Each structure stands twice: as C-alpha cells, then as structure tokens.
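S.K.: Next come a sequence and a model predicted from it.
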Amino acid sequence: MQDFDAAAGPRLSHSLSVSGLGCIRGGRVLFRDRSLELGSGQLLMLRGHNGAGKSSLLRCLAGLLPWRAGRLHWCGKEVRAADAAYQGQLAYLGHQAGMSDTLTGLENLHFSLQLMAVSWDKTAVQIVLQALTLNDVASRPFGRLSQGQRRRLGLARVLLGQRPLWLLDEPDNCLDMQGEQYLGQALEQHLAGGGMAVVASHRNLILPESAMSILDLSSPAQATAKNVQVAVC
Ligand SMILES: Nc1ncnc2c1ncn2[C@@H]1O[C@H](COP(=O)(O)OP(=O)(O)OP(=O)(O)O)[C@@H](O)[C@H]1O
C-alpha cells in the first residue's frame, strides 16, 4: 500500500482551544462548560452514550451548529461559528456523506475538492483511491455504492482536503477490518505530519496512546488539556 501524505506541504503548528462551550438543542441544554485544548500532532477522542452530544460538539467545532456560550480559539485567535478562514482549516466528516447520489464517486470528489479550493492532483487521488480500494468503484454513481464504500469515499475527501484539523464523526462506521486499519494509519500519518483530529467513535481505533486524550461526554464537564504547546500559525 502506497502512502499518501495528507499533510504534505509546509508543516505549521496549530492549536485549538475551546473554553466554557455550551450548546442547546431542541430547547434543552445539551452540554455546558466544555473545554478542550488540542495542539499539532494530537487527537481528542470523544466518547459517550448515544445522545450524549458527540455529534453536536463536532458540529459546533465545525461551525455548523452555533454555540450558546463559550469561546473557540484557533491558533490563538478567537473565531466565530461561520468564520470562513477557520472553516478553511478543517475537514468535517459527518454521519451523512454530503455527496450526490447521481454523480460518480470521482465526480463527487472533484466537486468537493473544488469547494475546498484544493487543486485536483491526479496522482494523489489515484494513491488515495488505491489505498482505500476504491479504484474499481469510483466511476460508479455514489448512490450505487455500498455503505462502506461511501464511507471510504468520505475519508478520501478528508485525506485529499489537506486540512490541518480533522473532525470525524464515527469515521469507522461501516468500515471492514482493512478499512479500520487504513483509517488508523491515515490518522497516525496525519498527526505525524503536524495535523490534529477530534474523533467521535464507540470503538477503539488503533492509535498511539501518547498522542491521544479522551473527552467523555457522559461525564460532567471537565477540562481536557494534554501536552499542548502554544503555537504560532
Ligand atoms: N436537529 C436536532 N434538533 C434537536 N435535537 C437534536 C437534533 N439533533 C440531535 N438532537 C438531540 O441532541 C442530543 C445529542 O445528539 P448527538 O447526535 O449530538 O449525540 P451523539 O452523542 O452523537 O449520539 P450517537 O452516539 O447516538 O451518535 C440528543 O438527545 C438528540 O436527540
């Protein structure tokens, strides 16, 4: 399997700092006073029971769900939910693929990368598709792919997006064992290249313990700070 360096290019340090974050959904307080710190090369795993608020927190971090209280700083600078410059630093993978059923996998990728202002690098696309064993199916309409193949295509978009901050909501959903292994490798490579990730999962991804901290949303709010250095971006 050939490696694709998703963090290719200048390797800058980044930091994400969230303090006192509160979120209301459906008229009730979903969480309050959540804080976290993340630096380059670090991964935060979100845990918690169904409905604990993992997806909602990820959506807040992606700027898709406005937060009602608290502050978010990216590289020391405060950002608001719809901050385009901040959103240009992240790749979000939600439960839904956000791809057109009628376009082929390749067309979807092309369109997504255009939206992300990432130029089409044929070699990089080939490497990622091959690594995710999507070569034979990428020319089929997305709506005719299996759930696991759709998930793999969503991961391809994240990998090719070249964003330092990955926000992944149950990325291992529908993946077979080989897919899970590749996801672990891709995350490890992303972190090694100075990237960072917040990942919600009910399962244990195979990752180096040293780079990972855990925020359990089933537990009362507590600050999560681990080995974070102030970064100049
Ligand atoms: N669009 C919405 N409007 C109102 N309430 C919502 C909405 N989406 C989710 N919720 C509620 O917010 C709470 C948290 O949901 P969320 O999806 O963030 O949890 P989760 O921890 O990701 O759950 P799971 O492990 O099942 O994926 C749940 O009680 C859910 O019913």
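M.R.: Everything's here; your move.
S.K.: Quick check, central residue of this structure?
M.R.: By CA atoms, centre = their mean, the chain has its centre lying nearest to residue 167, at 2.3 Å.
S.K.: That one sits in which helix or strand?
M.R.: Per DSSP states H and E: residue 167 is located in strand 165-169.
S.K.: how far away is the residue located most distally from the centre of the chain from the ligand?
M.R.: If you look at how far each residue of the chain sits from its centre, by CA atoms, centre = their mean, the farthest one is residue 27, at 27.1 Å. Going from residue 27 to the ligand by CB to the nearest ligand atom, to the nearest Å gives 8 Å. All C-beta atoms are positioned from the backbone trio N, CA, C, and that covers glycine.
S.K.: Ramachandran angles for that residue?
M.R.: Per-residue torsions, residue 27: phi 80, psi 10 (degrees, to the nearest 10).
S.K.: Let me see the contact set for residue 176.
M.R.: For residue 176, the contact set (CB atoms under 8 Å, 6 or more residues apart in numbering) comprises residue 148.
S.K.: sorry, that was for residue 191
M.R.: For residue 191, the contact set (CB under 8 Å, 6+ apart) comprises 41-43, 197, 207-208, 211.
S.K.: any idea how far it is from the ligand?
M.R.: Taking CB to the nearest ligand atom, one finds residue 191 at 23 Å from the ligand.
S.K.: three-state assignment of that residue?
M.R.: For residue 191, the assignment made with DSSP: H, G, I helix; E, B strand; the rest coil gives helix.
S.K.: Up against the ligand, what does this structure have?
M.R.: 25-26, 30, 48, 50-56 (CB under 6 Å from any ligand atom).
S.K.: Can you tell me which of those residues has the lowest confidence score?
M.R.: pLDDT is lowest at residue 26 among the residues of the chain next to the ligand; the value there is 87.
S.K.: Out of the residues of the chain next to the ligand, which is nearest to residue 108?
M.R.: The closest of the residues of the chain next to the ligand to residue 108 turns out to be residue 55 (CB to CB; 22.0 Å).
S.K.: Nearest residue to that closest one in space, please, no chain neighbours.
M.R.: With CB to CB, 6 or more residues apart in numbering as the criterion, residue 55 has its nearest non-adjacent residue at 5.3 Å, and that residue is residue 169.
S.K.: Settle this for me: the one you found is touching residue 54, isn't it.
M.R.: Yes: between residue 169 and residue 54 a contact is recorded at 7.2 Å, counting by CB atoms under 8 Å.
S.K.: Comparing these two, which residue is more hemmed in?
M.R.: Using other CB atoms under 10 Å, the more surrounded residue of residue 169 and residue 54 is residue 54, with 26 against 21.
S.K.: Next up, the contacts around that one.
M.R.: 46-48, 169, 200, 217.
S.K.: export those residues to a markdown table and tack on secondary structure and distance to residue 62?
M.R.: Formatted as a markdown table, those follow (DSSP: H, G, I helix; E, B strand; the rest coil; distance: CB to CB, whole Å):
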| residue | secondary structure | distance to residue 62 |
| --- | --- | --- |
| 46 | strand | 13 |
| 47 | strand | 19 |
| 48 | coil | 18 |
| 169 | strand | 9 |
| 200 | strand | 12 |
| 217 | coil | 16 |
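S.K.: what sits against residue 132?
M.R.: With CB under 8 Å, 6+ apart, residue 132 has these contacts: 152-153, 155-156, 179, 182.
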